[in-house]
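K.L.:
Sequence below, structure please.
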Amino acid sequence: MTGGSTYFERRLAHRMQDPAFQFEYQQASREIEQTMAVLHALDSRREEVGISKAELARKIGKRPEAVRRLFSAGGNPELNTVAAMAAVLGGEVRTVFPTPSRQEVSSPTASAAVATRPSRA
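P.N.:
Numbering: from 1, shown residues only. The predicted model follows:
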């Protein structure tokens, strides 16, 4: 532990020595990373299509501030909200399961992707 580290960094380093905590922390980090990747893909596509966050919100029956907050602050969107946004943006939500080893099957992880089709101009 270095003298310049924050309390959080020191506490995290200490907690990461516990294998159970380390496993949970890494699993949560993967989930957050995947969620943020999906939100980034949706927001990028929204910009490509040229619609505002407020317009997207109206098209999926959500309040504009909720969609703005989701894209700006992240969060854990409901799957049906993600699917609705993808559909409005000309895409769909798919799960991707890499070929797992036997060991990985006991603690599965999957990545999620938002696939969008090019707009037909």
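K.L.:
going forward, measure contacts and count neighbours with C-alpha atoms only.
P.N.:
OK.
K.L.:
How about exporting stretch 51-61 as CSV, limited to the C-alpha atoms?
P.N.:
Extracted as CSV, the C-alpha positions of stretch 51-61 are listed here (Å, rounded to 0.1, in the frame of the first residue of the first chain):
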residue,chain,number,x,y,z
ILE,A,51,-32.8,11.8,-33.1
SER,A,52,-32.7,13.5,-29.8
LYS,A,53,-32.8,11.7,-26.4
ALA,A,54,-36.2,13.3,-25.8
GLU,A,55,-37.5,12.0,-29.2
LEU,A,56,-36.2,8.6,-28.4
ALA,A,57,-37.9,8.7,-25.0
ARG,A,58,-41.3,9.7,-26.6
LYS,A,59,-41.0,6.8,-29.1
ILE,A,60,-40.6,4.2,-26.4
GLY,A,61,-43.1,5.8,-24.0
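K.L.:
R45: neighbour count?
P.N.:
22 (other C-alpha atoms under 10 Å).
K.L.:
and what of V96?
P.N.:
V96 has 10 nearby residues by other C-alpha under 10 Å.
K.L.:
got it, and V38?
P.N.:
Neighbour tally, V38, other C-alpha under 10 Å: 21.
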